[in-house]
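> got a predicted structure here, sequence first:
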Amino acid sequence: MAFGELVHRHHGRVFGFLLTLTRHRQDAEDLTQDTFLRAWSKFHRFDPAQPLLPWLFTLARRQSIAVLRKRRPLPEELPFPAEPESAPPMAWIWEAARKELSAESYSAVWLHYAEELSIRQIAAILGKREGAVKVILHRARKTLEESIRMKSANLQSLTPFRHEP
Amino acid sequence: MNPEEPHDEIGEMLRASKPRVSPPAGLEARILRSLEPREPKPAIRFWPWLLLPPAMAAVVLMLRPVPTEKPPVTRIDPPPVEIVKTEPASVRWKNPLETESLALQRDVRRAGNFLIHCLPSVPAPAE
């Protein structure tokens, strides 16, 4: 079954994207199922010349609108790791992004840096203009940079003797 | 247009540590089970639905009875009998002089006929 193969290939990525929007695994699961049901019913409208994954992401975002209206508190988060040098800062930058960015900004960052989609594709998925997506990504990077600087400053203050030659 | 994004090092860090999201076990099977009884919906053609109401209206207009100009009147009392005096056509009141002239002409004809019929005939001259 061709559609079954489609589900097999892309359900994980659709789930990952929906997790960036909802930040709730159960909601992301339900919405992933709804997304593929919607894709099944609308598959005759899909242009095979276009990439499939952005189309699935667009359907997923539209399905998530109703769920996003119900605001749920974020789940409990573990603090950042205490050892600054053994674990590279890159490892927890995604965690910082998930914690400090809004759902819209985090999903834009996800689509651009994790899914490697273009600005144009992200704009179509999120229903925004390309310029707006660029601004969102710029602000997100700036926020993360400030967050890393603050964390680095805190860690330096905690371990004052580690920088001695 | 700058080829490099501002704060590009952040982007590089993000790309270098892409997280792997594991979907819940059984999610794929759950999706496939929900798809099984469903079949893709055929494309709905809506053009016949746009033409149907005007077509039905045209049929109704063609088949309805032609309304009469005067609605039927139900009379309870018989209408009153009207006596209309009509003059014969010969006694129509026209020009009185014309009537007199016609009468004189008739009289002349009658008198002439009388004279012709009543007077003795004049013998024919001998040869």
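Yep, that arrived. Numbers count the residues shown, from 1 in each chain, chains lettered A, B, ... in the order given.
> residue B:22 is in what secondary structure piece?
Residue B:22 is part of no helix or strand when elements are defined by DSSP states H and E.
> up against chain B, what does chain A have?
For chain A, the residues in contact with chain B under the definition Cβ under 8 Å from any Cβ of the partner chain are A:3-4, A:7-8, A:11-13, A:15-16, A:19, A:25, A:29, A:32-33, A:36-37, A:40-41, A:43-44, A:88-91, A:93-94, A:97, A:109, A:112-114, A:137-138, A:141-142, A:144-145, A:148. Every C-beta, even on glycine, is put in place using the N, C-alpha and C of the backbone.
> let's see it at 6 Å
Along chain A, the residues adjacent to chain B under the rule Cβ under 6 Å from any Cβ of the partner chain are A:4, A:7, A:11-12, A:15-16, A:29, A:33, A:36, A:40-41, A:44, A:90-91, A:93-94, A:113-114, A:138, A:141-142, A:144-145.
> please pick the buried ones from these.
For the residues of chain A next to chain B, a neighbour count by 16 or more other Cβ atoms under 10 Å in any protein chain shown gives the buried set as A:7, A:11-12, A:15-16, A:29, A:33, A:36, A:40, A:90, A:93-94, A:113-114, A:141, A:144-145.
> the residues you listed in strands, which ones?
With strands identified by DSSP state E, none of the entries of those belong to them.
> contacting residues for residue 32?
Defaulting to chain A. In this structure, residue A:32 makes contact with A:14-15, A:18, judged by Cβ atoms under 6 Å, 6 or more residues apart in numbering or on different chains.
> let me rephrase: I mean chain B.
Taking Cβ under 6 Å, 6+ apart, we find residue B:32 in contact with residue A:4.
> buried sites along the helix or strand that contains it?
Using DSSP H and E, residue B:32 falls within helix B:27-35. For helix B:27-35, burial by neighbour count (16+ other Cβ under 10 Å) applies to B:27-28, B:30-32, B:35.
> check stretch A:104-118 too.
Taking 16+ other Cβ under 10 Å as the neighbour-count basis, stretch A:104-118 is seen to contain the buried residues A:104-115, A:117.
> could I get the full set of helices for chain B?
Taking DSSP state H as the criterion, chain B carries its helices at B:8-16, B:27-35, B:47-63, B:96-118.
> would TSV of those helices with mean pLDDT and distance to residue A:50 be doable?
As requested, the helices of chain B are exported to TSV (pLDDT from 0 to 100; distance: least, Cβ to Cβ, whole Å):
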stretch	mean pLDDT	distance to residue A:50
helix B:8-16	87	24
helix B:27-35	90	22
helix B:47-63	88	26
helix B:96-118	86	103
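> of those, give the one that comes closest to residue A:66.
In terms of Cβ to Cβ, the element of those nearest to residue A:66 is helix B:27-35, at 18.3 Å.
> for residue A:92, see how far away the closest residue to residue A:117 other than its chain neighbours is.
Sequence neighbours aside, residue A:111 is the residue nearest to residue A:117 in space, at 4.8 Å (criterion: Cβ to Cβ, 6 or more residues apart in numbering or on different chains). Separation of residue A:111 from residue A:92 (Cβ to Cβ, to the nearest Å): 20 Å.
> just residue A:54 next, same as before
Counting by Cβ to Cβ, the separation of residue A:54 from residue A:92 is 28 Å.
> rewinding a little: to residue B:82, which of the helices of chain B lies closest?
When the helices of chain B are ranked by proximity to residue B:82 (Cβ to Cβ), helix B:96-118 comes first, at 29.8 Å.
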